[in-house]
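K.L.:
Model the structure of this input:
(2 chains)
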Amino acid sequence: KQEVTQIPAALSVPEGENLVLNCSFTDSAIYNLQWFRQDPGKGLTSLLLIQSSQREQTSGRLNASLDKSSGRSTLYIAASQPGDSATYLCAVRGSSGSARQLTFGSGTQLTVLP
Amino acid sequence: EAGVAQSPRYKIIEKRQSVAFWCNPISGHATLYWYQQILGQGPKLLIQFQNNGVVDDSQLPKDRFSAERLKGVDSTLKIQPAKLEDSAVYLCASSLKGLVHSQTDTQYFGPGTRLTVL
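P.N.:
As a prediction, this is how the structure comes out:
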């Protein structure tokens, strides 16, 4: 059974700092990996999706990397802003079975202080 | 384009009562998902529909939870009777393809329904 772990559970940084969020998963046979953002009282918004054949994806100030062999992914946020404050969730999609459901980590709650 | 709609946004009930949640996915999306997110945890898939057929309901507590997707569009999730441990946010998501082998098929989430069971 796939298990996804995110460390740290919470992180507080001053505005402008570069930061890295970590995600690890136990089964390396994945289809893809996604990073989501969740704001209080709102649903999840997909930030980046990395296919199993890819090593990284970039969108604006965000860069996500994937190392399948070690079961790790990182989300790098450059020049953090208070608007980046949210919970960031990592999710992996399995490569076997017709359903290929997403398995989520518990998230990292990020606070960027002005 | 309009996003995934859910109602109600909040619901408070007493244990042993019943409750129903409604979801309207993005138009044209074949696959619909219901997730349960307990405070401090990531979402857990309860059930996945492809059009109006169930693809995966392995984590749905079938003794008390039920779900249907009418005509392959809207969906309802019901809990009867509710327990204290059912307190959570219930998220609905949809994706364009679902089962089709597309590595880039993304799920779009609604705002969720926050259920409190007293």
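K.L.:
C-alpha from now on. contacts and neighbour counts both.
P.N.:
Will do.
K.L.:
center of chain B, which residue is that?
P.N.:
Closest residue to the average C-alpha location of chain B: B:W34 at 2.3 Å, with C-alpha atoms, centre = their mean.
K.L.:
tell me the contacts of it?
P.N.:
B:45-48, B:77, B:90-93 (C-alpha atoms under 8 Å, 6 or more residues apart in numbering or on different chains).
K.L.:
okay, now A:G41: neighbour count?
P.N.:
Neighbour count of A:G41, defined by other C-alpha atoms under 10 Å in any protein chain shown: 12.
K.L.:
next one: A:G60
P.N.:
A:G60: 7 surrounding residues under other C-alpha under 10 Å.
K.L.:
distance of it from chain B?
P.N.:
Here A:G60 is placed at a distance of 19 Å from chain B (C-alpha to the nearest C-alpha, to the nearest Å).
K.L.:
does any part of the helix or strand bottoming out on mean pLDDT in chain B sit near chain A?
P.N.:
Across the helices and strands of chain B, mean confidence by mean pLDDT, DSSP states H and E is lowest for strand B:53-56: a mean of 89. Yes: Strand B:53-56 is in contact with chain A by C-alpha under 8 Å from any C-alpha of the partner chain, via B:55-56.
K.L.:
Only alpha carbons, please: show that strand as PDB.
P.N.:
Taking C-alpha atoms only, strand B:53-56 is exported to PDB below (Å, rounded to 0.1, in the frame of the first residue of the first chain):
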ATOM      1  CA  GLY B  53     -20.400   3.600 -13.300                       C
ATOM      2  CA  VAL B  54     -18.400   2.900 -10.100                       C
ATOM      3  CA  VAL B  55     -14.700   2.300 -10.800                       C
ATOM      4  CA  ASP B  56     -13.400   2.200  -7.200                       C
END
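K.L.:
hmm, who's touching whatever helix or strand comes next after that strand?
P.N.:
The first helix or strand that comes after strand B:53-56 along the chain, using DSSP states H and E, is strand B:65-69. If you take C-alpha under 8 Å, 6+ apart as the criterion, strand B:65-69 is touched by B:47, B:49, B:51-53, B:60, B:75-80.
K.L.:
So which of those residues wins on neighbours?
P.N.:
B:F49 (25 neighbours).
K.L.:
Given the helix or strand hosting that residue, what are its sheet partners and their directions?
P.N.:
For B:F49, the enclosing helix or strand under DSSP H and E is strand B:44-50. Partners of strand B:44-50 in the sheet, by DSSP bridges, are strand B:31-37 (antiparallel), strand B:53-56 (antiparallel).
K.L.:
Can you redo those strands as a markdown table, where the extra columns are distance to B:Q6?
P.N.:
A markdown table is the format used below for these (distance: least, C-alpha to C-alpha, whole Å):
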| stretch | distance to B:Q6 |
| --- | --- |
| strand B:31-37 | 11 |
| strand B:53-56 | 20 |
